[in-house]
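> This is a predicted model, with the sequence first.
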Amino acid sequence: MDQYQFTQTISKYSQHLFEHAIKFTRDEDDAKDLVQETLIKGMRFCKNFADGTNLKGWLYVIMKNTFINDFRKTARKKEVITTDDEISNAQLTKSAATNNANTTFAMEDISKAMASIKPEYSIPFQLYFEGYKYEE
């Protein structure tokens, strides 16, 4: 069977494939996409089909494998991407980028300001920064 005849033959099964795809996806648009991918893969790999075997069953196997592979791919994406409304501190530490330049400039500014005031005023700030209570 040549490519044209094969394409004509498998196009007859598109409605049956669609009905089967609805059971997998439970969504009409996703089912149409799944049927389209199945037919494309069927046409692309028509040389692997042995004449005299069940073409409809062969297409169903392609559809099932395509659905399972897409399902696994989507599941992996969901593991990586956080869809929570609130982001926890643990997630922030994984994805947050630090900019040491800003920290360095801020510390330089603070050091200059502390050096410009008298020690009797700067020492309490320094002690508070180190963790002492103001009363101490």
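Thanks, I have the structure now.
> for stretch 47-55, how far is the first residue from the last?
Using CA to CA, to the nearest Å, the span of stretch 47-55 from its first residue to its last is 12 Å.
> residue boundaries of the helices in the protein?
Here the chain has its helices, by DSSP state H, at 3-11, 14-25, 28-44, 55-80, 89-95, 100-116, 119-130.
> and those helices, which one's lowest on average pLDDT?
Per-stretch mean pLDDT for the helices of the chain is lowest at helix 89-95 (a mean of 59).
> Relative to M63, how far out is H16?
Using CB to CB, to the nearest Å, one gets 10 Å for the distance from H16 to M63. Every C-beta, even on glycine, is put in place using the N, C-alpha and C of the backbone.
> Including mean neighbour count, could the helices of the chain go into TSV?
As requested, these are arranged in TSV below (neighbours: other CB atoms under 10 Å):
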stretch	mean neighbour count
helix 3-11	13
helix 14-25	16
helix 28-44	17
helix 55-80	13
helix 89-95	9
helix 100-116	10
helix 119-130	11
